[in-house]
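1. missing the sequence, but the structure's below:
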Ligand code: DGL
């Protein structure tokens, strides 16, 4: 493996970002940390989230990662500045796509689906203040959805009921653009789209994150060239027996799944 790109999330959700990175940078080796044993981060203390994020990045840096992607809105919200200040390599972080959603809305109402912890963060308040001046930005915390995705329940009764409950106030207030502000939620996009209706646009920033990563690698002269076959390894902190099947289902490409030591 050449110097890989390291990506992490509280669990399997960040695979929705990893697939965009794989698509845009097929020649790069990828390492992914799924901290599924501790998901959801959204219910945890900030200190705990920061400590787990730090441990994940250290683990990836020890394995020669040349850049890190924080594929977790919650970790970004709580700890991005402190994490960036500790490492000398590019750290690209995901955050809710409030700006493009505010630009896209026609009804003037945007809904943001995210974890409670993400919505409490200063960066979401800043994004809404900067880009939502002439738009109403409605924040909707979605407890329970991360757990559904972690269990591989993408279209059952439980996620369906939760999605309908969380969308209802947004649709009642005429939101026509919905931000998927947690990397687990793109795996529920078919369900969310069905419940929201075809006229509602879902916004997922994962491909923008992959593009930003490509730009940072380019600028650092760290982009891998050549046509060697690249690999993906997923390290998971929960019992592989319970998570491996979910990871294989969500990540349809080839990947080695290993326990996180
Ligand atoms: N995928 C994470 C995010 O984007 C979920 C956080 C959590 O575990 O609560 O926020």
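-> Perfect, I can see it now. Just so you know, these numbers come straight off a predicted model, no measurement behind them.

2. In the chain, what helix or strand scores lowest on average pLDDT?
-> helix 240-250 (a mean of 83; mean pLDDT, DSSP states H and E).

3. That one: which residues count as buried?
-> 240, 243-244, 246-247, 250 (16 or more other CB atoms under 10 Å). To be clear about C-beta, it is placed using only N, CA and C from the backbone, and glycine gets the same treatment.

4. if you average pLDDT over the next helix or strand after that helix, what comes out?
-> With elements assigned by DSSP states H and E, the helix or strand that comes after helix 240-250 is strand 256-259. What strand 256-259 shows for mean pLDDT is 89.

5. do stretch 11-19 as well
-> 97.

6. now do the same end-to-end measure for it.
-> End-to-end span of stretch 11-19 (CA to CA, to the nearest Å): 15 Å.

7. Could you see whether the ligand lies near that stretch?
-> Yes: using CB under 6 Å from any ligand atom, stretch 11-19 reaches the ligand at 11, 13.

8. Residues in contact with that stretch: which ones?
-> With CB atoms under 8 Å, 6 or more residues apart in numbering as the test, stretch 11-19 has contacts from 7-9, 30, 32, 34-36, 39-40, 69, 71-72, 94, 146, 149-150, 182-187, 204, 206, 209-210, 232, 234, 236, 243, 246-247, 250-251, 253.

9. element containing the residue in the chain sticking out farthest from the centre?
-> When distances are taken from the C-alpha mean of the chain, residue 226 lies farthest, 28.5 Å away, according to CA atoms, centre = their mean. Secondary structure assignment for residue 226, by DSSP H and E: no helix or strand.

10. Just the pLDDT at it, thanks.
-> 73.

11. Brilliant, that's me finished.
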